[in-house]
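Student: Just need the structure, nothing else, for what follows:
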Amino acid sequence: MEKNRWFVVLGALFIQVSLGAIYIYSVFKPALKNQFPDWSATDLVLPSQAVLAFFALSMVVSGRIQDRIGPKITSMAGAFLLLAGMFVAAKAQTLEQFVFGFGVLGGIGIGAAYVCPIATCVKWFPDKRGLVTGLAVAGFGAGGLVFVPLASYFIATIGVMAALFYLGLIYFCAIVIGAQLMRVPPAGYCPDGWNAPAVPVTQKIDFTAKEMVKTRQFGILWLTYFIGCTAGLLVIMNIVNIWQSVSIAGITKNAGVVLAPAFAEILSAGAVAVMAVSILNSLGRIVWGRISDKLGRKKTLMSIFTLCAVAMLILGSLVNFWSFVVVVSMIGFCFGGFLALYPVITADYFGVKSVGGNYGLMFSAYGAGGLLGPWLAPQLISGIKAVPYEGIDKSGAVLMKTIEVGSYGNSFLLAAAMCVAAVLLITRLKPIVKG
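Tutor: Residues are numbered from 1 along each chain as shown. Presented below is the predicted three-dimensional model:
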């Protein structure tokens, strides 16, 4: 049994890598703009907002369901819903249809499958909660690394709509494979040679969802999780657009029109940045999880928020591509830490008995941050101007188009201030005592 529990982690990685492809949406945005030229910048943000929001809402319900019927069936149901959502998105003719498929159905499917590996791994590894939860969700961050090249290839060869459908099929197969390895440990399971730490008699061990939401600790954890997700997703879901604005601003100082080769290079560089962030996002989940096992959850969280605030302050002044990649990757590294630590902290403070449902409620902070973060960046953009560029259609003909660019500095400053506020809130986090 000691060795077999690692198969659960393997299944978690199969599932999470496919679900992590949610973070490559920015790769689709330029192609969707070409496919639907009437969609505004705000319209193009809607699918990412919807998928993150319904992802989080689904977690609230799916967490409780998997606590009752088990992770295998729940994650397979998520796979079917995600496939249905990608199919609807691939056939969409309107923005509403696309948002319903990619955002609503896809988000519900992702949430149903995502909660299962986390809740299961926490129960199998009470001795290594930070590390193993980090490993379990590392695949979610690595999804971009795996699927950005594939998505880019599909978009270039068969078009963006067909690419969505074929990616949906790949996600479905991987999740179903991973689901076969999802199982819960027997009641009272304890790893060989490990003894659970003594809990003070004044400290409550297991909370129901209703009990949890009434605690001051839940309020602090929810609000700081919301801040971390808002700050991280503000950048992660807009990486390509942010780099477009930075690079095009530099080009147009000397030329009025961005030529086709230069524009293609900008898009390619944006995809590289997405992949780099995916790598560090994934690595951050493992590293911060391991650090938290040694340093403690509270100190680790404060360190992550501090580093994220510094990165946000630096990001607004960057014009060099590789400096840009380093700093946005640092933000991805911090964001990965949030996704690794909050499931563990939920188990630490509120117990593992109902961890699926409890973390589902905690994860609603991610959904709220997913709504605000991606929306905030384009709303706070300043110095907006329409820049002409040469686009190439499917026949290879060069067409003159325009793209709106501007400075995202205001949103970075706001995100930095929010991260500092989170550090102050975490200093007030204390163990829960019985009432």
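Student: Quick check: chain neighbours aside, which residue is closest to residue 362?
Tutor: Computed as C-beta to C-beta, 6 or more residues apart in numbering, the closest residue to residue 362 that is not its neighbour in sequence is residue 346, at 5.0 Å. (Glycine included, C-beta is placed from N, CA and C.)
Student: The one you found sits in which helix or strand?
Tutor: helix 321-350 (DSSP states H and E).
Student: Sort out which residues of that helix are buried, please.
Tutor: Neighbour-count burial for helix 321-350 flags 321, 324-325, 327-350 (criterion: 16 or more other C-beta atoms under 10 Å).
Student: mind showing which ranges of this structure have poor pLDDT?
Tutor: Scanning the chain with the threshold set as pLDDT under 70 gives 1-3, 23, 141, 194-204, 249-256, 258-261, 385-386, 388-400, 402-404, 434-435.
Student: Can you show me the strands along it?
Tutor: Along the chain, counting by DSSP state E, strands occupy 382-392, 398-407.
Student: Could you check stretch 150-157 and say which residues are buried?
Tutor: Within stretch 150-157, the residues that count as buried by 16+ other C-beta under 10 Å are 151-152, 154-155.
Student: again, but for stretch 22-39
Tutor: Per 16+ other C-beta under 10 Å, stretch 22-39 contains these buried residues: 22-34, 36, 39.
Student: And that stretch, how far out from the chain middle?
Tutor: Centroid displacement of stretch 22-39 relative to its chain, using C-alpha atoms, centre = their mean, to the nearest Å, is 18 Å.
Student: and if you look at stretch 318-335?
Tutor: Taking C-alpha atoms, centre = their mean, one finds the center of stretch 318-335 at 16 Å from the center of the full chain.
Student: Over to stretch 291-311?
Tutor: That offset, for stretch 291-311, works out to 18 Å (C-alpha atoms, centre = their mean).
Student: Flag every buried residue along it.
Tutor: Across stretch 291-311, burial judged by 16+ other C-beta under 10 Å covers 291-293, 297, 300-305, 307-309, 311.
Student: Point out the other helices and strands that the longest helix along the chain packs with.
Tutor: Scanning the chain for the longest helix, with DSSP state H as the assignment, gives helix 260-295. Contact partners of helix 260-295 among helices and strands, from 3 or more C-beta pairs under 8 Å, 6 or more residues apart in numbering; DSSP states H and E: helix 25-35, helix 129-158, helix 239-251, helix 297-315, helix 321-350, strand 382-392.
Student: Nearest approach to residue 76 belongs to which of the ones you listed?
Tutor: Closest approach to residue 76 among the helices and strands packed on helix 260-295 (C-beta to C-beta): helix 129-158, 17.2 Å.
Student: ok, back up a step: show me the contacts for the residue nearest to residue 362.
Tutor: Shown in contact with residue 346 (C-beta atoms under 8 Å, 6 or more residues apart in numbering): 221, 355, 358-359, 362.
Student: what about it, distance to residue 47?
Tutor: From residue 346 over to residue 47 the distance is 28 Å, taken as C-beta to C-beta, to the nearest Å.
Student: where's the residue lying closest to residue 295 once chain neighbours are set aside relative to residue 234, distance?
Tutor: Distances taken as C-beta to C-beta, 6+ apart place residue 303 nearest to residue 295, at 7.8 Å, with adjacent residues excluded. According to C-beta to C-beta, residue 303 stands 20 Å off from residue 234.
Student: same question, residue 35
Tutor: Computed with C-beta to C-beta, the distance linking residue 35 and residue 234 is 25 Å.
Student: Out of the helices and strands packed on helix 260-295, which gets nearest to residue 4?
Tutor: Of these, nearest to residue 4 by C-beta to C-beta is helix 129-158, at 14.0 Å.
Student: For that closest one, list every residue counted as buried.
Tutor: 129-148, 151-152, 154-155.
Student: Show me how far that helix is from its chain's centre.
Tutor: 10 Å.
Student: now it and helix 25-35, what's the angle there?
Tutor: Helix 129-158 and helix 25-35 are oriented at 20 degrees to each other (axes from the mean of the first three to the mean of the last three C-alpha atoms, to 10 degrees).
Student: now for helix 129-158, which elements pack on it?
Tutor: For helix 129-158, the elements it packs on are helix 5-19, helix 25-35, helix 106-124, helix 160-179, helix 260-295, helix 321-350, judged by 3+ C-beta pairs under 8 Å, 6+ apart.
Student: Throw the ones you listed into a markdown table and include distance to residue 62, thanks.
Tutor: Formatted as a markdown table, the helices and strands packed on helix 129-158 follow (distance: least, C-beta to C-beta, whole Å):
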| stretch | distance to residue 62 |
| --- | --- |
| helix 5-19 | 12 |
| helix 25-35 | 21 |
| helix 106-124 | 4 |
| helix 160-179 | 13 |
| helix 260-295 | 20 |
| helix 321-350 | 14 |
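Student: Looking at the buried residues of stretch 22-39, which is nearest residue 70?
Tutor: residue 22 (24.1 Å).
Student: Against residue 55, how distant is that closest one?
Tutor: Look at residue 22 and residue 55: by C-beta to C-beta, they are 7 Å apart.
Student: Need the residues touching each of the two.
Tutor: residue 110.
Student: If I take the helix holding residue 346 and helix 297-315, what angle do their directions form?
Tutor: If you take the same axes, to 10 degrees, helix 321-350 sits at 160 degrees to helix 297-315.
Student: now the angle between helix 239-251 and helix 321-350, please.
Tutor: Angle, helix 321-350 to helix 239-251, by the same axes, to 10 degrees: 150 degrees.
Student: Can you give the distance of helix 321-350 from its chain's centre?
Tutor: Relative to its chain's centre, helix 321-350 lies at 10 Å (C-alpha atoms, centre = their mean).
Student: That helix vs helix 106-124, what angle?
Tutor: 60 degrees.
Student: thinking residue 5 is in contact with residue 186, fair?
Tutor: No. Counting by C-beta atoms under 8 Å, residue 5 sits too far from residue 186 to count as a contact (11.4 Å).
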